[in-house]
Structures are given as C-alpha cells and as structure tokens.
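Enquirer: Sequence plus the predicted model coming up.
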Amino acid sequence: MEKPIVAISTAVNYAGIGIVRLSGPGAIQVADKVFVSPKNKKLEDQKTHTIHYGFIKDQDEVVDEVLAMLMKAPHSYTKEDTVEFNCHGGIHIVRKVLSLLIEAGARPAEPGEFTKKAFLNGRLDLSQAEAVSDLIYSQNDYALKSSVGQLRGNLREKIETIRKAVIYNTAFIESALDDPEHISLDGYPEKLEMDVDIWLATLKSLLDNAESGKILKEGIKTVIIGRPNAGKSSLLNVLLGEERAIVTDIAGTTRDILEETINLKGIMLQVIDTAGIRNTKDAIEKIGVEKAKQYVDKADLILYVIDASDKLSEEDLDIMKLIGDKKTIVLLNKTDLALNVTEEEVLSTINSNKSDIKVIQISAKENEGITKLEETITAMFYDGKISFNNEIYITNARQQSALLEASQSLSSVKTSLEANMPEDFYTIDLMDAYESLGKITGESIGEDLVNEIFSKFCMGK
C-alpha cells in the first residue's frame, strides 16, 4: 500500500514557526496518530480547509503545541489528503515531529515530490511546476513576476492553444485522406499555411524573449575590465554600496577575481571585478590577467573602465581588441579630474558604430554618473523597461529547446506547403511539432526526465 509522504517545508533553522507537511493516501489517519486536540477531535472527522489547535504527542509525552491545517482531496496542492503542522520553529522540534510521523506510517518525501504529485495528479502542468521552483529561487522582482505569470498558466495557455490547433489539422488531413469522397482538401493548403504562419509567429515571440528570460532568472554576467588603477574596484564598491574591493594607488592591487551579486533597480548583475589588464612579469598578477581575458569571453555585459584623466595607452588599445561584439559600456572614469579622453576618441579607436557600445562619463570616487549607468544597462537589455502585461519570458533551457524543435518542425510544414508536397507530408512534421510542444507542458516526456526535473527542487516542496 502506498504510504503518505512527509517533509519539513520550511528552512531547518531557528525561527518563529516550522511547517511539517504530510500528504497522500492515509495522510489524515497518520496525522491522527500523533495529533491530539483538547476535545479529542479526530482530524478525519473534520471538514476540509479547517485549522485545528492541539498537541503533538509521543505516546503520553507532549512534544509541541501546534496548529494542524487540514486539506482533503482533491482540494489541496497535491490533490491528495494533506495535513500541515505549524510547529514552533526550533530545529529539534520540527525534526522530532517529522520523526514521529514517519514512525506513524509516513515515508520521507523526495526533493520536489509534493510538486511532482501535483503534476502527476493534473493540478499543474510541467511549465507551472517548474515555475514553482523558479518562484522559490527568484532573486529580484522581475524574476518573481515572470515565475508568478507562468505559475498562473500563461505559458500553458499559449502552448495548449497551438497544440489543439495542430492536432485538429492533423486529424482533418488524415480523415480527408481516408475518406476523400466526403472530405475535400481543396483550398486547404492555403488555409493551413496561414495557420502555420500564426503559430510560428507565436513561437518566435517566445524564443525572442528567451534571452531576456535567462537574464531575469540568472542575472546579467557582468565583467569589469580596464588597465590597472582605472577605478574598477572603486566602481564595484560603489555598485555594492560597501568597501568590498581593496582600493589603493598601487597598480595591480586586484590580482584575482572578485564575484558579487548586485540588485540594480530590480535587475540582477552577476558582477566580476578582474585584475587590471597589462603586460606584467609578476607571475601571480599574470594569472589574474589571463583569468580576466577568459571571463570577457563568457560575459553578457562588459563594463570597460578607462582612466579619463590620462590619455589612452597601448594597454587600452589591447583591451579594446578583447571586446569584440560584446555588449559594452565604456566608462570614462575620474571625471572629478581634468579629462584627457573623449567619447568620440573612444568610439573612433574601437572603430565601431554598433548600438551595443555606449560611453558614459562617471566618477566612482564622487559617485557621479551611476544613475546613468543603471539606465543604460536597463535600456541595453530590456529596451528601457520590462513589461509583464502580456509578455512571457522563457527562463528554462529545456523549454527553450522544445520551442526551437517545434518551430523547426512547423517551418518544415511551411516548406512542404510551398513546394506543393502531398498532404501526408504535412502530418509528419505537424505531429513532431505537437510532440515537441508537449515537452513543455509535460504531456510528451518520459518518467526519467520527470524524475530528473523534480530532483532539482528543494525538499518539502
């Protein structure tokens, strides 16, 4: 017989309360073995979605004073009987309650198993289930809003709309091929092509937002580069609002990589402060310079700090060659001093008219120009704003891959239509698109992948 699952659903730490969650067939009966109310009421006899005061007992010994939240199937997160005990938040207390419930007949839940049950029981589709994990680990308001949108089913609705239309058209073609006397395909290819164009446009919109979605979730990989004493570490300290990096007048102070996460007006920056890039004979500093060059290759954004009080040097010219086609903001630092470098000089030296290279004057010492820097980053990555009215941001590489597969299959349908291929050619690619889209909602994936996805969830969720 299947046992109910149990886990601690709050962080195992000293806190005001700790929640132990129990769910599955027989969950209420197991809970009644350790829970005692003042009037000896059994949870099994109570109405769903009610809260009951009582005690957790180990035989005759009171372990804790608790509130038991009762949710009967199918009206619960897992669509199965669920009891959540709100205990006092001591580490030993919640572990003791967990232990007693296991002794009473429950088994320890696997990571993400409550949400896995919600998925398997049809309460959530896979895109919503993955949004639960994204919601828990969201680090900024934008990521939070994106996760909430997917949890509410906005991605599922778009995918289901296309899948229903695809399977309808597939069935229509096959029916017409089986019964040509009663079902005509005259003029049908033209109509199908119009539908395919609409589906492709929807998938393109989702794929176009995938890069923004990745940044919402993971943050912008931002690398600060420049020659020694340009003010890179001072910039990092200003962005952080604390003295994290050592700042001195001695060139080459930063020899290793400093990594920090910065919330910049709701956008996460994964900032890496690098060693000053120059030719050096110092073995340790040389390693730091090589590391800096490697991080430049992986960056989403480069903040190139120039000491604008000094003229451009050979080292600056070498750094400009590293930038390549990366999104770059050139920061003319030390504007509190007399400037010897202009924006025009920088752009002509880089020899680029690309829109993804911007030049800003700042003074890290005087905290000037930082607001302009924040606005420029937002504009570079989100056209100045992030809208959540109708936008869906794909934050998941697995979902992005499935969307790409579906788009390629539908493009093949369009190619077959344009080449006037026989109708049965369309159904092959239509079904491929249908299956690929099913990977997003979870209707076309195997048990192994389901287990892998939910194994990455936190315990108790």
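Expert: It's in. Numbers count the residues shown, from 1 in each chain.

Enquirer: Count the residues that sit near the residue nearest to A433 when sequence neighbours are not counted.
Expert: Closest residue in space to A433, ignoring its immediate chain neighbours: S409 at 3.9 Å, by Cβ to Cβ, 6 or more residues apart in numbering. All C-beta atoms are positioned from the backbone trio N, CA, C, and that covers glycine. Residues within reach of S409, counting by other Cβ atoms under 10 Å, total 20.

Enquirer: what ranges of the chain fall below the confidence cut-off?
Expert: For the chain, the stretches flagged by pLDDT under 70 are 137-144, 212, 242-257, 265-266, 275-290, 292, 351-356, 382-391.

Enquirer: Tell me the residue in it that is farthest from the middle.
Expert: What lies farthest from the middle of the chain is E181; by Cα atoms, centre = their mean that is 51.9 Å.

Enquirer: Can you say which helix or strand has that one in it?
Expert: Element membership for E181, per DSSP states H and E: none, as it lies in no helix or strand.

Enquirer: can you check N169 too?
Expert: helix 154-178.

Enquirer: Could you look up the next helix or strand downstream of that helix?
Expert: Next in sequence after helix 154-178, counting helices and strands by DSSP H and E, comes helix 188-208.

Enquirer: Need the contact partners of that following helix.
Expert: The list of residues contacting helix 188-208 from outside it, by Cβ atoms under 8 Å, 6 or more residues apart in numbering, reads 155, 158, 162, 165-166, 169, 172-173, 176, 392, 394, 400, 403-404, 406-407, 410-411, 413-414, 417-418, 420, 423, 426, 433.

Enquirer: now that helix against helix 154-178, angle please.
Expert: Helix 188-208 runs at 160 degrees relative to helix 154-178, counting by axes from the mean of the first three to the mean of the last three Cα atoms, to 10 degrees.

Enquirer: ok, back up a step: name the helices or strands packed onto the helix holding N169?
Expert: With contacts defined as 3 or more Cβ pairs under 8 Å, 6 or more residues apart in numbering; DSSP states H and E, helix 154-178 has these neighbours: helix 126-137, helix 188-208, helix 423-441.

Enquirer: rewinding a little: quick one: the residue nearest to A433 and L403, what's the gap?
Expert: As for S409, its distance to L403 is 11 Å (criterion: Cβ to Cβ, to the nearest Å).

Enquirer: Overlap in contacts, the two.
Expert: Shared contacts of S409 and L403, defined by Cβ under 8 Å, 6+ apart, are found at S436.

Enquirer: Which other helices and strands does the strand or helix carrying L410 contact?
Expert: For L410, the host element (DSSP H and E) is helix 397-418. Here helix 397-418 touches helix 126-137, helix 188-208, helix 210-218, helix 423-441, going by 3+ Cβ pairs under 8 Å, 6+ apart.

Enquirer: follow-up on the earlier one: pull up the gap between the residue nearest to A433 and M431, please.
Expert: Distance of S409 to M431, given as Cβ to Cβ: 8 Å.

Enquirer: do the same with A68
Expert: Taking Cβ to Cβ as the criterion, A68 is separated from M431 by 49 Å.

Enquirer: Of the two, which one has the most company?
Expert: The residue with more neighbours, out of A68 and M431, is A68; 24 against 14, by other Cβ under 10 Å.

Enquirer: The closest residue to the more buried one other than its chain neighbours in helix, strand or coil?
Expert: Of all residues beyond its chain neighbours, the one nearest A68 is H52 (4.7 Å), with distances taken as Cβ to Cβ, 6+ apart. When classified by DSSP: H, G, I helix; E, B strand; the rest coil, H52 comes out as strand.

Enquirer: H52 reaches V66, doesn't it?
Expert: No: counting by Cβ atoms under 8 Å, H52 does not reach V66; the two are 9.1 Å apart.

Enquirer: Now list whatever residues contact both of these two.
Expert: Common neighbours of H52 and V66 are listed as F35 (criterion: Cβ under 8 Å, 6+ apart).

Enquirer: Between these two, point out the one with more neighbours.
Expert: Per other Cβ under 10 Å, whichever of H52 and V66 has more neighbours is V66, with 24 against 19.

Enquirer: part of a helix, is the more buried one?
Expert: No: the assignment for V66 (three-state DSSP) gives strand, which keeps it out of a helix.

Enquirer: Next up, the contacts around it.
Expert: Each residue near V66 by Cβ under 8 Å, 6+ apart is listed here: F35, Y53, G54, F55, I56, F85, N86, C87, V97.

Enquirer: how deep is the third one tucked in, by neighbour count?
Expert: Per other Cβ under 10 Å, the neighbour tally for G54 reads 20.

Enquirer: Got the phi and psi for the closest residue to it other than its chain neighbours?
Expert: Closest residue to G54 apart from its sequence neighbours, by Cβ to Cβ, 6+ apart: S37 at 3.9 Å. Dihedral pair for S37: phi -90, psi 160, per degrees, to the nearest 10.

Enquirer: Now do S37 against A165, distance only.
Expert: From S37 to A165 the distance is 53 Å (Cβ to Cβ).

Enquirer: circling back: tell me which residues touch the residue nearest to A68, please.
Expert: In this structure, H52 makes contact with F35, S37, K41, L43, Q46, L67, A68, L70, judged by Cβ under 8 Å, 6+ apart.

Enquirer: hmm, 7 Å instead?
Expert: Counting by Cβ atoms under 7 Å, 6 or more residues apart in numbering, H52 makes contact with S37, K41, L43, Q46, A68, L70.
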